[in-house]
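J.: Generate a structure from the sequence data that follows.
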Amino acid sequence: MTFTISHILYSVLYIALVAGLGFTLRKKEILTPGRDALLVNLLVYVTFPCLTFSTILKQFTVRSLPLLGTLFGASIGIFALGILLSAGYLLFLKKFAYAREIVGLLSLHNCAYLPMNIALFIRDAHVRNDYLLYIFLYTAGFNLLMWSIGSYLIFKKPKEPFKIQTLFSPPVTSVILALLIVLTGFNRFVPERLIWVMDKIGSTSFFLSLITLGSALGIVDMSLLKQPRVAGSLVNVSLLKLLCIPLLIHGINYAAHGFNRMGFFMLLQAAMPSAVSLTVVGNYRNAHVSYLSVGIFLTTLLSLATIPFWIFLSRYYW
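T.: Take a look at the predicted model:
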């Protein structure tokens, strides 16, 4: 199996260009705080749920249920690894103003967009389709962490009580509903045209989330980067995210004799930069979006150099 490195460059270039558009719109004040809020609500309540719902109905089958358990466990494992690393790093920082944001940047990653682009360049069609299914199922579990328990634990306010409705944000509800429809066989009665429409609406999530990211970058407090402690933390977070986490997963694969297709999928997920959707979650949970935006920007930019290295290791997994 051969991966084409050039498509990774195109993927990162696309992210930079679209986020740059959002940045420009914000600087020109075409995007305002009120319009940013509208974009966030559109993503949370419309496009993300449509994307998740249509993807599961198209790709998931009852026979995929054991695989769902494996990949759901993997998403929790990589999430937990990020939590542990961030906890260890924060011990050295002590009373850092952006502690929650560091945890988010290290534990929540770009699990769909970049991996899907990488999978599309796998020459073997059978392996490519398997990897796409892996991504969809992994993302289903990851969405539960991104939009419910994970975001609550990371970004909760002081003394904020846990509410059961926290578990059922719109993206999470769409995951549960879609899985129930497939497992009960009712997907046979869902019109293909409806799935097609939802897929088209959902596909706008990638563009809208990048516009939101760019807009957030447009209001970044640049004075943050003039503070050595803050700038140093962002560099360290990027190194932990892009080098330490995938290296640990590679070591776990070696110890568990997991040098196979699934093992490389885990490595690929661990090597991804911080999730673009963190800006949306940050807005949704009233976090420091400026710090998150700079962290996402740095990890995405630096991943241009680190992802090809981890892909190079695929030769040991096949």
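
J.: Spatially, which residue comes closest to the residue nearest to the spatial centre of the chain, not counting chain neighbours?
T.: Among the residues of the chain, the smallest C-alpha distance to the mean C-alpha position (CA atoms, centre = their mean) belongs to Asn110, namely 2.9 Å. Computed as CB to CB, 6 or more residues apart in numbering, the closest residue to Asn110 that is not its neighbour in sequence is Met272, at 4.5 Å. In short, each C-beta sits where N, CA and C put it, glycine included.

J.: what do you get for Tyr45?
T.: With sequence-adjacent residues excluded and distances taken as CB to CB, 6+ apart, Tyr45 is closest to Pro170, at 5.1 Å.

J.: For the one you found, give its distance to Pro115.
T.: As defined by CB to CB, to the nearest Å, Pro170 lies at a distance of 23 Å from Pro115.

J.: between the two, who's got more neighbours?
T.: For Pro170 and Pro115, the more surrounded residue by other CB atoms under 10 Å is Pro115, and the numbers stand at 24 against 16.

J.: can you tell me the helix or strand for that one?
T.: Secondary structure here is read from DSSP states H and E; on that basis Pro115 sits in helix 113-119.

J.: average pLDDT across that helix?
T.: Rounded to a whole number, the mean pLDDT of helix 113-119 is 75.

J.: Figure out how far the helix or strand following it is from the centre of its chain.
T.: Downstream of helix 113-119, the first helix or strand assigned by DSSP H and E is helix 125-147. Once both centres are worked out by CA atoms, centre = their mean, to the nearest Å, helix 125-147 turns out to sit 11 Å from its chain's centre.

J.: now for helix 125-147, which elements pack on it?
T.: Taking 3 or more CB pairs under 8 Å, 6 or more residues apart in numbering; DSSP states H and E as the contact definition, the neighbouring helices and strands of helix 125-147 are helix 48-59, helix 65-93, helix 113-119, helix 170-183, helix 261-270.

J.: Just the angle for whichever helix or strand comes after the longest one relative to helix 125-147, thanks.
T.: Going down the chain from helix 65-93, the next helix or strand is helix 99-107, by DSSP H and E. Here helix 99-107 runs at an angle of 170 degrees relative to helix 125-147 (axes from the mean of the first three to the mean of the last three CA atoms, to 10 degrees).

J.: Test my guess that Phe60 contacts Thr139.
T.: No: at 11.2 Å, Phe60 and Thr139 do not qualify as touching, with contact defined as CB atoms under 8 Å.

J.: sorry, back to before: show me the contacts for the residue nearest to Tyr45.
T.: Contact partners of Pro170, counting by CB atoms under 8 Å, 6 or more residues apart in numbering, are Val44, Tyr45, Phe48, Pro49, Trp147.

J.: shouldn't the fourth one be in contact with Ser174?
T.: Yes: counting by CB under 8 Å, Pro49 sits close enough to Ser174 to count as a contact (3.7 Å).

J.: what do these two both touch?
T.: Once CB under 8 Å, 6+ apart is applied, it turns out that Pro49 and Ser174 contact no residue in common.

J.: ok, now how distant is the residue nearest to the centre of the chain from Leu90?
T.: Separation of Asn110 from Leu90 (CB to CB): 22 Å.

J.: Report pLDDT for Ile78.
T.: 92.

J.: Not counting residues beside it along the chain, what's closest to it?
T.: Here the nearest residue to Ile78 in space, its sequence neighbours aside, is Ala270; by CB to CB, 6+ apart that works out to 5.5 Å.

J.: Give me the neighbour count for the one you found.
T.: 26.

J.: So in this protein, where's the weakest helix or strand by average pLDDT?
T.: Of all the helices and strands that make up the chain, helix 149-155 has the lowest average by mean pLDDT, DSSP states H and E, namely a mean of 63.

J.: quick check: mean pLDDT across stretch 286-294?
T.: So the average pLDDT for stretch 286-294 ends up being 81.

J.: what's that stretch in contact with?
T.: In contact with stretch 286-294 (CB under 8 Å, 6+ apart) are residues 97-98, 100-101, 104-105, 155, 157, 213, 216-217, 219-221, 224-225, 230, 234, 274, 278-279, 281-283.

J.: Of those, select the buried ones using a ChimeraX command.
T.: Selecting only the buried members of the contacts of stretch 286-294 in ChimeraX, with burial defined as 16 or more other CB atoms under 10 Å, works like this:
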select :98,100,101,104,105,155,213,216,217,220,224,230,234,274,278,279,281,282,283
